[in-house]
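>>> Build me a model from this:
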Amino acid sequence: MRIQFIQLENIRSHVKSTVPFAKGFNCLVGGLGCGKSSILYAIDFALFGEPLGRSYDYLLREGVNSGKIMLQFVQDGKSYRISRGLKRRSQNINQDFDELQLLQDEDLVASGKADAVVEQLMAITSLDKELYREIVWVRQEHLKELLNARPRERQKRLDELFGLSNYEKAWGNLAGLQREYQTERRIYEKDSDVIGAEGLSSEYNDTAEEFTSLEIQLHGLAKKLQESEKALQCADLKLRRLEELRKQTEDLRRKETEIRSSISGAEDVLTSLAKRIERKRDAVKNFRQRADSMGEQLESCKTELENLKIPSDKPIEALKQHIAAFDDQITSLKGKQESILRSIQKNQKRHSSLSAENRCPLCLQPLATEYRGNLIQKIEDENAEFRNMMSQLQRDIVELTKTRSRADDALSKIQMLDPRIKECEHRLNDESQMMIELSRECDEKKKLANELRKRLQAIQAEIDEFDVSDLEAARVTRDDAFRHFYQLESDLRGKEDRKKDLAKRLDELKERINNAQEKIEHMEKISKIMEAISFIRDAYRSIQPRLRSEFVKVLRNFVQQVLDSLVGRDQPSMNVLIDETYTPCVRSESSVEREVSNLSGGERTLLAFAYRLGLGQLIMQSRTGRGLSLLLLDEPTESLGTEDSSVNRLADAVSRFKATEQIIAVTHSEDFAEKADHVVRLEKEGSVSRISLGNE
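Numbering: from 1, shown residues only. As a prediction, the model looks like this:
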């Protein structure tokens, strides 16, 4: 940024003044109170519009109601013009936003709103109020402010200007964020769904298995119900026909009917008992075969565990612990893999660093060629050994994974077979007992039937025309069909109700499992985020002192260069040292170190100027990516005298300093002004400042 000119209207002692500036060293020279510093105040107001104190009383001329400032400057080859106004209202002085304008050439960029103008100005110049007032503009009596500050205050202030305090703020802000995530993770860890996720999955699998089995049963029951309904209809039709026939012969065969009915009932019961006994016999046989088959499977699974060197006679929980030990071994091997992988990556970084640069990656010292080659070969050999170890570990992991899978399959089958075998044996005992009871009942029914047949033979001679057994058989068939149909229908309704309950329970379990999985996944994400935050915090904590050390090195070199040009060859040299708090001290040729407080007034002024100039260049470069293109100095010759040529040396140094495109200095020293490229003289006639250029 380079200022071309500024126009002041009713600003302090300036009624209407235009002050031009040139590239290079500009000097505003004049006596006390002639309006030199007012021009610097006007530049500050034009750029940022904010007062230096609580009000604008120091700017607006006494006895007038309005004032105006217009500043024109060049940035990156483009010309800009900014105008601001002041207006007195009653006892207060405020900024007149009607006068606020920012133009590029003749095109309006922003107007009327202070925030919009400041935002655009920041985008154009990369300057904000803090940088300008701390670095660009060195106000009167503020030149030594940083030198006189306490070390920790100086460090804190400069860290903020360098942007290093942002790392400390970020480190602190991340701590709060880390605590929030930690609290959220603790909540998830205590969540009932997360804690019982494994139990929910097991319950869901058992319920799903029961639901599938129930669907198969329902399909079979529906088919049987259709067949039973047809059988019931046929039996009912046959029974109605026989009832009609029975009515016709009822009187003749009453006694025979009673006897035959009894015999028929006994025979039906015997038939039913025989069928039930046969079914029980088949059931006993089936349960025995199933128990034997599952026993063989159980022994096979135990043999598999024995082959894997797992004792099969242990309880289930003990077997689970044996299998869990495989997971611990696998996890341990994977941890070793990760450790070796980090060592390989670390060696690769060292190898890349050594291959790219001929210096030690740790101490940054140059290395001999032979030592560097041996070091690279050693790293390559070590990485080859690490890769062999990685391959062996991977083979061990694969083998352990296979063994663990076989053991887990065997244990799962044992857990499934053991209760089934017990259930099968229990059912076998029940069916055997029921078969014995049915056989005993069958014998009793046979005796009863034999007695009825004897009685029937006694009266058969009297009745031959009607066989009542057909009627009874039809009735029994119909009753059996009805009972069978009713039983099937009842079972079907019960199973359908059970199916609805299971479906509802499955939906509930699925929703809870999904919620638990989402919470577990979110908890895992939180853990990863916390790891990342911890890594970032460590990085923020470590990078600040490193950057500060680099800034200090560059600052010391720059300050030394400026100070050498100020002191001159015919004067004793002043070697500058700067510590981590940015505190400078001077080492003499006899290696005696002197603090700033032990320097003479002139030496402190020279050191303060060099220090501020070095800081300005470095801070502007780090904050904006640009050097210090503009420097405003208010009475920089403070504590310098003409008898020791210190004023002339300072003026010579400023005039030769080409790193800053434009320097504007306010001084009352004619000796200092003689070295300027462009001189603006100020005089005061009455209460009004007058401007003249050069030696006019």
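>>> So for stretch 614-629, mean pLDDT?
Stretch 614-629 shows an average pLDDT of 75 in the prediction.
>>> what residues does it touch?
1-2, 126-127, 131, 135-136, 146, 158, 161-163, 551, 554-555, 558-559, 562, 613, 631, 659-662 (CB atoms under 8 Å, 6 or more residues apart in numbering). Placement of C-beta: from N, CA and C, glycine included.
>>> go on, stretch 410-425?
287, 290-291, 294-295, 297-298, 301-302, 304-305, 308, 312, 316, 319-320, 323.
>>> out of those, which are buried?
287, 290-291, 294, 297-298, 301-302, 304-305, 308, 312, 319, 323 (16 or more other CB atoms under 10 Å).
>>> CSV for those, including pLDDT?
Converted to CSV, the buried ones among the contacts of stretch 410-425 look like this (pLDDT from 0 to 100):
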residue, pLDDT
287, 84
290, 86
291, 84
294, 86
297, 86
298, 83
301, 84
302, 83
304, 82
305, 80
308, 78
312, 74
319, 77
323, 78
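>>> ok so, going back, which members of the contacts of stretch 410-425 occur in helices, if any?
Among these, the ones falling in helices (DSSP state H) are 287, 290-291, 294-295, 297-298, 301-302, 304-305, 316, 319-320, 323.
>>> Now, the contacts of stretch 614-629 that are in strands?
2, 631, 662 (DSSP state E).
>>> The residues you listed into a markdown table, with extra columns for distance to residue 589 and neighbour count?
Formatted as a markdown table, the ones in strands among the contacts of stretch 614-629 follow (distance: CB to CB, whole Å; neighbours: other CB atoms under 10 Å):
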| residue | distance to residue 589 | neighbour count |
| --- | --- | --- |
| 2 | 39 | 14 |
| 631 | 30 | 24 |
| 662 | 36 | 23 |
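>>> which among those residues gets closest to residue 53?
residue 631 (23.5 Å; CB to CB).
>>> Show me what that closest one is bridged to.
Beta-bridge pairing for residue 631 (DSSP bridges): residue 663.
>>> what about the host helix or strand of residue 394, distance to the chain center?
Assigned by DSSP states H and E, residue 394 belongs to helix 369-459. Remark: helix 369-459 is offset 43 Å from the chain centroid, using CA atoms, centre = their mean, to the nearest Å.
>>> ok, now stretch 305-314?
With CA atoms, centre = their mean, you get 45 Å for stretch 305-314.
>>> Buried residues, that stretch. List them.
Result for stretch 305-314 [16+ other CB under 10 Å]: buried residues 305, 308, 310, 312.
>>> Dihedrals phi and psi, residue 685?
When read as degrees, to the nearest 10, the backbone of residue 685 gives phi -110, psi 110.
>>> Quick check, pLDDT for it.
For residue 685, the predicted pLDDT is 88.
>>> go on, the one 4 residues further on?
Here, the pLDDT recorded for residue 689 equals 90.
>>> what about it, which SS state?
Here residue 689 is recorded as strand under DSSP: H, G, I helix; E, B strand; the rest coil.
>>> and the spatially closest residue to it that is not a sequence neighbour, what does it touch?
Sequence neighbours aside, residue 35 is the residue nearest to residue 689 in space, at 3.3 Å (criterion: CB to CB, 6 or more residues apart in numbering). Residues in contact with residue 35 (CB under 8 Å, 6+ apart) are 12, 13, 14, 17, 682, 684, 689.
>>> Report the contact partners of residue 116.
residue 110.
>>> Swap in 10 Å and give it another go.
Counting by CB atoms under 10 Å, 6 or more residues apart in numbering, residue 116 makes contact with 100, 102, 109, 110.
>>> what's the spacing between the helix or strand where the second one lies and its chain's center?
Read it as residue 102. Residue 102 belongs to strand 92-104 when assigned by DSSP H and E. The chain centroid and the centroid of strand 92-104 are separated by 46 Å under CA atoms, centre = their mean.
>>> Same check on stretch 574-585?
42 Å.
>>> how long is it from one end to the other?
9 Å (CA to CA, to the nearest Å).
>>> farthest-separated two in the buried residues of stretch 305-314?
308 and 312 (9.6 Å).
>>> For the helix or strand just after the strand holding residue 102, C-alpha coordinates in PDB please.
Remark: after strand 92-104, the chain's next helix or strand is strand 107-111, criterion DSSP H and E. In PDB, the C-alpha atoms belonging to strand 107-111 read as follows (Å, rounded to 0.1, in the frame of the first residue of the first chain):
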ATOM      1  CA  ASP A 107     -16.100   3.000  -9.500                       C
ATOM      2  CA  LEU A 108     -17.900   2.800  -6.200                       C
ATOM      3  CA  VAL A 109     -16.800  -0.300  -4.200                       C
ATOM      4  CA  ALA A 110     -18.800   0.400  -0.900                       C
ATOM      5  CA  SER A 111     -20.500   3.300   0.800                       C
END
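>>> Can you lay out the buried ones among the contacts of stretch 410-425 as JSON lines showing distance to residue 83?
Formatted as JSON lines, the buried ones among the contacts of stretch 410-425 follow (distance: CB to CB, whole Å):
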{"residue": "287", "distance to residue 83": "105"}
{"residue": "290", "distance to residue 83": "101"}
{"residue": "291", "distance to residue 83": "104"}
{"residue": "294", "distance to residue 83": "98"}
{"residue": "297", "distance to residue 83": "96"}
{"residue": "298", "distance to residue 83": "97"}
{"residue": "301", "distance to residue 83": "93"}
{"residue": "302", "distance to residue 83": "96"}
{"residue": "304", "distance to residue 83": "93"}
{"residue": "305", "distance to residue 83": "92"}
{"residue": "308", "distance to residue 83": "90"}
{"residue": "312", "distance to residue 83": "95"}
{"residue": "319", "distance to residue 83": "88"}
{"residue": "323", "distance to residue 83": "83"}
